[in-house]
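[1] Sequence plus the predicted model coming up.
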Amino acid sequence: MPLQFDSNSSDPLHCPSNDLVARFDRTPFVTDCRNDRALRQNLIGVIMRHAFLCLLLGALSFCSSLVRAEPTSLTSLPGEWLQVDSNAGHCADCRIVIEESGSDFTVKANNGWSAVVRQSFEGKPYVAGKGSWRPNIGGFYGGKQFYLNLGMKDDHLLMLMTVPRPDGRTNNIKSIFKRHEVSDGKQT
């Protein structure tokens, strides 16, 4: 029986090889339009999975670059800061100077302490580190080591100094600083 192509078929996906499938059901060389349709659907599925994977990798790459990026508020840390409030008492003359030193920041206070702090490894907008009071400072803090955290909130610098005590407890000194303005070459 010869093959005849039905060009008048109303089925746009009509494939004359379907007749062959009925006759040569197990022949590997015979094409089947149903297999073509399945192949197209499989190909679309593969393309969609690859597109989704590319989108996911792009989003992860973008998010990881945000985590690694230096928070813009840390760029304003260097400079001289004037204390405006503290739970350790009022000090109109208390100042700190922050200098950038590579990936670290050096903090020096005019009342006898200094510290080295570093940006958070998680990319958070704060710096943390260790420091110490000079030994010749009188009172409880003379010669003591401490942990220091600095962060920006609006145009203020927030400080938390944690000083361990011999009994295992800690003293927390919380202070707020504002930038020490310089006008006409003179500090105000």
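    Looks like it arrived, so ask away. Numbering: from 1, shown residues only.
[2] bridging residues for residue 147?
    For residue 147, the beta-bridge partners under DSSP bridges are residue 130, residue 162.
[3] Neighbours of it, how many?
    By the criterion of other CB atoms under 10 Å, residue 147 has 17 neighbours. Every residue, glycine included, has its C-beta placed from N, CA and C.
[4] Wait, it touches residue 161, no?
    Yes. Judged on CB atoms under 8 Å, residue 147 makes contact with residue 161 at a distance of 7.3 Å.
[5] buried residues in stretch 159-166?
    Using 16 or more other CB atoms under 10 Å as the test for burial, stretch 159-166 gives 159, 160, 161, 163.
[6] any residues touching that stretch, and which ones?
    Contact with stretch 159-166 is made by 96, 113, 131, 141, 144-150, 170-177, as judged by CB atoms under 8 Å, 6 or more residues apart in numbering.
[7] Which of those fall in strands?
    96, 113, 131, 145-150, 170-177 (DSSP state E).
[8] Can you flag the buried ones in the residues you listed?
    By 16+ other CB under 10 Å, those give 96, 113, 131, 146, 147, 148, 149, 150, 173, 175, 177 as buried.
[9] Residue 158 versus the first one, what's the distance?
    Distance check for residue 96 against residue 158: by CB to CB, to the nearest Å, it reads 12 Å.
[10] okay, and the common contacts of those two?
    residue 177.
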